[in-house]
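>>> model the following, please.
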Amino acid sequence: MPELPEVETVRRGLQPVMEGAKILTAEARRADLRFPFQPDFVARLQGQVVTGLGRRAKYLMADLASGDVLLMHLGMSGSFRVIKPDDDTAPGEFHYPRAKDSTHDHVLFRMSSGADIVFNDPRRFGYMKVIARNALDEEPLLRGLGPEPLGNEFDAAMLAHACAGKATSLKAALLDQRVVAGLGNIYVCEALHRSHLSPRRIAATLATKGRKGVGGGEPTDHAQRLVGAIHTVLNDAIKAGGSSLRDHRQTSGELGYFQHSFKVYDREGEKCTTPGCGGAIKRFTQNGRSTFWCPKCQK
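Okay, the predicted model is just below:
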């Protein structure tokens, strides 16, 4: 499933042709994706100006002049492509031709910017929903999401507070969207390696323990290192256009290429890149997901 850097890359690709443009026509070519489309889905979109295009965790959010918000999720295999009649831009170095099977083109927006925006989703795990902005706080899909890992409020103190007293593993805590929103398996593995923390470490060790009569919960050095690593790995991945594993493509059709910078993910058996480590990358299954790590330098 696309993680935060991939969704942010898609947002940046759509922004120039969506933001400030009117949706001249909207077309839903089937009755549902992962969930059924609302009966008034098309009617609430057509003729509306997109006043802003944002992201919350792994969701794209298009603000409409009507006061509605179009919530979009890529699911497992969803992707957007932008079609312009006069666009003859040469593909970039990591370009990969898109499949031409229009069977999976499920949603189309014709914009006043001159672009057609097509949502293609072979597995149909993506979804779209129109929500009134004043109802977003009560929206079940968004309610309970933790802080944005690249937001100003996300720091070591906030992460330590969220993990204080948690007996679960550190990796499981980071994948909990209530603790921090938008992180997935790939970037959690990478951030833990860069901060030299074991995915098996107890999450509560990010916060100091309180003594009798004395409060705890202050961030430890582990928390400081981990937050710094999360910021670095996410920003590096966004600059690289995300990671292209299986289905991810940018809106231009180009591959993201952060996978060429993976330190541990999908590198089982390779030497650890930490200077002076000399260990080897191992893989094990944790909470049903593959975890990649270096047992020698991640403690």
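>>> what residues of the helix or strand harbouring residue 235 count as buried?
Secondary-structure assignment from DSSP states H and E places residue 235 in helix 221-239. Neighbour counts over helix 221-239 (16 or more other C-beta atoms under 10 Å) mark 222-227, 229-230, 233-234, 237-238 as buried. For every residue, glycine as well, the C-beta is placed using N, CA and C.
>>> contacts for the helix or strand following that helix?
For helix 221-239, the following helix or strand on the C-terminal side (DSSP H and E) is strand 282-286. If you take C-beta atoms under 8 Å, 6 or more residues apart in numbering as the criterion, strand 282-286 is touched by 169, 171-172, 199-200, 268, 290-295.
>>> alpha carbons of strand 282-286, as CSV, please.
Provided in CSV are the C-alpha atoms of strand 282-286 (Å, rounded to 0.1, in the frame of the first residue of the first chain):
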residue,chain,number,x,y,z
LYS,A,282,17.8,-10.2,8.6
ARG,A,283,14.1,-10.6,8.0
PHE,A,284,11.4,-11.9,10.4
THR,A,285,7.6,-11.8,10.5
GLN,A,286,6.2,-9.3,13.0
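>>> next SSE downstream of that strand?
Counting by DSSP H and E, the next helix or strand C-terminal to strand 282-286 is strand 289-293.
>>> can you mark which positions in that following strand are buried?
By 16+ other C-beta under 10 Å, the buried positions in strand 289-293 come out as 291-293.
>>> repeat that for stretch 158-178.
158-164, 166, 169-176.
>>> ok but residue 13 is inside a strand, no?
No. Checked against DSSP: H, G, I helix; E, B strand; the rest coil, residue 13 lies outside a strand; its state is helix.
>>> that one touches residue 60, doesn't it?
No. With contact defined as C-beta atoms under 8 Å, residue 13 does not count as touching residue 60 (10.7 Å).
>>> now do the contacts for residue 124.
Contact partners of residue 124, counting by C-beta under 8 Å, 6+ apart, are 32-34, 75, 106.
>>> among these, which ones are buried?
Here, 16+ other C-beta under 10 Å leaves 33, 75, 106 buried among the contacts of residue 124.
>>> poorly predicted segments of this protein, please.
Counting by pLDDT under 70, the chain contains low-confidence residues at 1, 86-101, 210-216, 241-260.
>>> quick one: the helices in it?
With DSSP state H as the criterion, the chain has helices at 4-18, 41-45, 156-163, 170-175, 185-194, 221-239.
>>> closest to residue 123 out of the ones you listed?
helix 4-18 (15.5 Å; C-beta to C-beta).
>>> could you dump the helices of the chain into a markdown table with distance to residue 139 added?
Output for the helices of the chain, formatted as a markdown table (distance: least, C-beta to C-beta, whole Å):
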| stretch | distance to residue 139 |
| --- | --- |
| helix 4-18 | 17 |
| helix 41-45 | 15 |
| helix 156-163 | 22 |
| helix 170-175 | 22 |
| helix 185-194 | 25 |
| helix 221-239 | 24 |
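>>> among those helices, which is nearest residue 276?
Residue 276 lies closest, by C-beta to C-beta, to one member of the helices of the chain: helix 185-194, at 14.7 Å.
>>> can you give me the angle the closest one makes with strand 282-286?
For helix 185-194 against strand 282-286, the angle by axes from the mean of the first three to the mean of the last three C-alpha atoms, to 10 degrees is 130 degrees.
>>> what does helix 185-194 rub up against?
Under the contact criterion C-beta under 8 Å, 6+ apart, helix 185-194 has outside partners 3-5, 170-171, 174-175, 183, 198-199, 226, 229-230, 232-234, 237, 243, 245, 262-265, 274, 289-294, 298.
>>> how much does it deviate in direction from strand 289-293?
Going by the same axes, to 10 degrees, helix 185-194 makes 20 degrees with strand 289-293.
>>> how far off centre is helix 185-194?
With C-alpha atoms, centre = their mean, to the nearest Å as the basis, helix 185-194 stands 14 Å off its chain's centre.
>>> and for stretch 185-200?
On C-alpha atoms, centre = their mean, the centre of stretch 185-200 falls 16 Å from that of its chain.
>>> go on, stretch 22-35?
That offset, for stretch 22-35, works out to 23 Å (C-alpha atoms, centre = their mean).
>>> how near is residue 203 to residue 138?
Using C-beta to C-beta, to the nearest Å, we find residue 203 at a distance of 29 Å from residue 138.
>>> if you could redo that for residue 230, that was the one I meant.
The value you get for residue 230 to residue 138, if C-beta to C-beta is used, is 29 Å.
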